[in-house]
Structures are given as structure tokens and as C-alpha cells.
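Engineer: I'll drop the sequence and a predicted model, then ask my questions.
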Amino acid sequence: MPRETTRDRRERVAAMQAAQKRSERRRLLVVVGACVAVIAIIAAAVTWAVVGEQSKKDQALAAISGDAGAASCDPITNDPAEGSGDHVGPGTNQPGVTKVQYSTVPPSSGKHFAVPAVDSRRVYTVADVPAVETLVHNLEHGYTILWYDRSLEKEQASAFQALATKVNAMKESANKFLVVPWNPAYGAFPAGKKYALSHWAADVDPSTGQVRQQMGHRQLCGGLSTTVVEDFVKKFPWSSAPEPGAA
């Protein structure tokens, strides 16, 4: 057998190293390909979920976007307003007050607890809804509230979320629109009515902040209509309230 020269040895080592590098590149390509495939699968799943969720919201919104007349709504009321700045309950000089008896169902003004609901929620359920007295404070700050019969919570869950997103994007709402279940302990909705909108409107002197005139407004409906809600919010925007600048 011929003796291996130094040159032969170098060439053999170089060939082995080249082969090893080719093998490593192949393994790397396999790993990269597998990662790309996994990422593609995850991206497809996320996209499908997002598209599916949006489609679900679109369908829910479409279901309540028909003829406003089908909602069987009563005319908008003009309720004498009272209770601006009148805080009761914990943290006030009337700490023993735990419930206010309001003159209308639902209320469109009145005495209220000292702290409004200021979390990011825009749709509440029976399990987490704030007290009515807390929500009346929100009305004072320019919110419009859609109260719903609590029996509809699950049936209309998707519609409530879609409606809240749409209405809170309106300039007249400024993210001050809430959807909450009505507490029948404060009185029953009239027969055939399952929804009620309420807003505490006011004319405020811009130079002094003095409330010159205020009025509560409600509209009770048998069905849910996007058009009815949007029209109500346009008629009574967030800026028409005793304390519109508050959260």
C-alpha cells in the first residue's frame, strides 16, 4: 500500500470536513423547514380564529341591524332630572344608604354612589354588574346605558359585544356606552319590553361649569336594534351631561 503523503492527508481531511458541512447544512434546512411549517400552522390557526371571531361578531351585529320598527320601541321619555352631585352610601355623609328608590325604570338620573364604574368593561353580566347606584353615577358623567332583561344574557352575548364595540367607536359616545343587565329588584320592565336605553342629559355653561338645565331620557324596546341605539346616542351624546369631563 502506497504511503499516504502529507498532501493526501490534507485532501482527505478537507473532503471529510466538506462532507460534514454538507450534512450539517442538510440538517439545518430540515430544522428550518420544520420551524417554518410550525409557524405557518400556528399563523393559520390564529388567522382562522380571528376571522372566525370577527365573522361571529359580524353575524351577531347583522342580526340586530334590520328594521328599527321591528324593535317595538316606545317614544323617548323626558324625565325630570334630580340628584346631580348627590352622593350617598359608603364614603359619604349618608354611609347607611345601600339602595336608592328611583322614580323611573330604569333610572335616568338620581342620587348615586360616590364612585362610578371606571374599569375597561363595556358589557356586563349578572355575575359582575355594578350596583345600579354606581351606574347612575356613570350616567351623570355622560354615559348611555343599554339595560337588558337578564334572561337574554347568554342568548345575546355576541350581539352585546359587537354592539358595544360599534357604538363605543362613535364620536357621540366617546367610549361611554355600557351594556348591563337590569336588576328587577328596582322594578320590572313594562310588559313586552326587554331593553331600555337611558341617558342623563344636561346643558352646562362652558365658562362656569354650572348646570343650567338637565333632563333624563329613556327609551324602552321589545327587541334590540343597532339603529335605535345609534340614533339615541347621536341625540344624547356624551357631552350632554352634568359632568361630561369626568371618567
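Structural biologist: Looks like it arrived, so ask away.
Engineer: correct me if wrong, but Ala196 is in a strand.
Structural biologist: Yes: judged by DSSP: H, G, I helix; E, B strand; the rest coil, Ala196 forms part of a strand.
Engineer: wait, what's in contact with it?
Structural biologist: 105-106, 146-147, 182, 189, 218-221 (Cβ atoms under 8 Å, 6 or more residues apart in numbering). All C-beta spots, glycine's among them, are computed from the backbone N, C-alpha and C.
Engineer: what of Ala60?
Structural biologist: So Ala60 contacts 158-159, 161-162 (Cβ under 8 Å, 6+ apart).
Engineer: so how far is Glu155 from it?
Structural biologist: For Ala60, the distance to Glu155 equals 11 Å [Cβ to Cβ, to the nearest Å].
Engineer: Ala246 too?
Structural biologist: In terms of Cβ to Cβ, Ala246 sits 34 Å off from Glu155.
Engineer: those two: who's more crowded?
Structural biologist: Set Ala246 next to Glu155 and count neighbours by other Cβ atoms under 10 Å: Ala246 wins out with 13 against 9.
Engineer: I'd guessed that one sits against Tyr143; true?
Structural biologist: No: counting by Cβ atoms under 8 Å, Ala246 stays clear of Tyr143, with 10.1 Å between them.
Engineer: which non-adjacent residue is nearest the residue most central in space within the chain?
Structural biologist: By Cα atoms, centre = their mean, the chain has its centre lying nearest to Arg122, at 3.5 Å. Among residues not flanking Arg122 along the chain, Ala164 sits closest, at 4.3 Å (Cβ to Cβ, 6 or more residues apart in numbering).
Engineer: Ala241 now?
Structural biologist: For Ala241, ignoring the flanking residues on the chain, the nearest one in space by Cβ to Cβ, 6+ apart is Gly142 at 3.6 Å.
Engineer: contacts only, for the closest residue to Thr98 other than its chain neighbours.
Structural biologist: Of all residues not flanking Thr98 in the chain, Gly89 sits nearest, at 6.6 Å (Cβ to Cβ, 6+ apart). Contact analysis of Gly89 by Cβ under 8 Å, 6+ apart lists 95, 97-98, 113-114, 133.
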